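Novice: Predicted model, plus sequence, below.
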Amino acid sequence: MEAIVYEEFGGPEVLRHETGVERPEPGPGEVRVKVAAVGVNPVDWKRRYGWVEEFYPTTFPAVPGLEFAGTVDALGEGVTDLAVGDEVLGWTKTGAYAEYALAGTVAPKPAGLSWEAAAALPVAGETARRVLDLLRVREGETLFLHGAAGVVGSVAVQLAVAAGITVVGSASESNHAYLRELGAIPVAYGDGLADRVRAAAPEGVDAVFDAAGHGVLPVAIGLLGGGDAVKERIVTIAATDAAEHGIVFSGVTGEPDAVRRGLAAQARLAVEGALTVRLAETLPLKEAARAQEASESGHVRGKIVLIP
């Protein structure tokens, strides 16, 4: 089968496009999926560099990619809740940058949801929901979301606003109109960020979701009043120095059944138009290195999707 493979940590140059990779066979409780679309995420190139081994240990040769949308192609022993031909979206156990993959946690793909939109949803949707739950943010509270215009951030904005939470979101000025469309109050990155957040939320913020990193954790602690007591209401998915500040770094998915239910609910919202993931570019699988380079640049507006 066609797949992207790497056998050592490094830059985009370690990624190889191969056409003779052995197709995986499903074991007990597993299903094989013919991949229709693959979502590209920052964690893909962070894994390629070897930066997140604590959360995602690598066995070489490795196939990148966590999320996909596709059609169930073969069933392992004991699988009774899926059938060959079912269209699904979710996570893979063997790497999504491939023509075929073994599925981990999956949910049904609604008929009206495109393959590209479906593949863009699992990581962003699960991460956004997981962090909002960890923060225990609730109706009537105010959330500061750093990196609100990114794929995870924009989904979190929509989920929070729908739950009656006021969201102040940081982003480059070119994305402020987009954040307003989603229901957030935009503020600019850079020096003076804390002052701009306080001006946007004069009664203060109750929780902070860091989806961008870049040294924002001291600012987050200050916005909540300082001291150790406030740190339980700050969660980052991007700051590698989280432990130094006593902040929770959330990088691992939750309990499979809950994740599956959440993904199915978000897929329904997406097909109804109540939840959107902005798509930046669709590329053929063989251009995976280019896709990861673009993701790493930090200048992509939306999700890059690969098509095997």
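Specialist: Perfect, I can see it now. If you're wondering where the values come from, they're calculated on a predicted model, not measured in any experiment.

Novice: What's the mean pLDDT across the helix or strand harbouring residue 292?
Specialist: Here residue 292 sits within helix 288-297, counting by DSSP states H and E. The pLDDT scores in helix 288-297 average 95.

Novice: who touches it?
Specialist: Helix 288-297 has contacts (Cβ atoms under 8 Å, 6 or more residues apart in numbering) with 4, 12-13, 15, 17, 40-42, 44-45, 48, 64, 97, 280-281, 283, 300, 304, 306. In this view, the C-beta of every residue, glycine as well, is placed from N, C-alpha and C.

Novice: In that helix, which residues are buried?
Specialist: Buried positions in helix 288-297, judged by neighbour count with 16 or more other Cβ atoms under 10 Å: 288-292, 294-296.

Novice: got it, and stretch 91-100?
Specialist: 91-92, 94-100.

Novice: and what of stretch 240-252?
Specialist: By neighbour count on 16+ other Cβ under 10 Å, the buried set for stretch 240-252 is 242, 247-251.

Novice: tell me the two of those residues that are most distant?
Specialist: 247 and 251 (12.6 Å; Cβ to Cβ).

Novice: and residue 283, how many neighbours?
Specialist: 17 (other Cβ atoms under 10 Å).

Novice: Just confirm it contacts residue 304, I think it does.
Specialist: Yes. Taking contacts as Cβ atoms under 8 Å, residue 283 lies within contact range of residue 304: 6.7 Å.

Novice: How about residue 286: what's its closest non-neighbour residue?
Specialist: In this structure, residue 286 finds its nearest non-sequential neighbour in residue 17, 4.4 Å apart by Cβ to Cβ, 6 or more residues apart in numbering.

Novice: same for the top helix by length along the chain, what does it pack against?
Specialist: Ranked by residue count, the top helix of the chain under DSSP state H comes out as helix 256-272. Packing partners of helix 256-272 (3 or more Cβ pairs under 8 Å, 6 or more residues apart in numbering; DSSP states H and E): strand 87-92, strand 100-108, helix 115-119, helix 122-135.

Novice: Sounds good, over and out.
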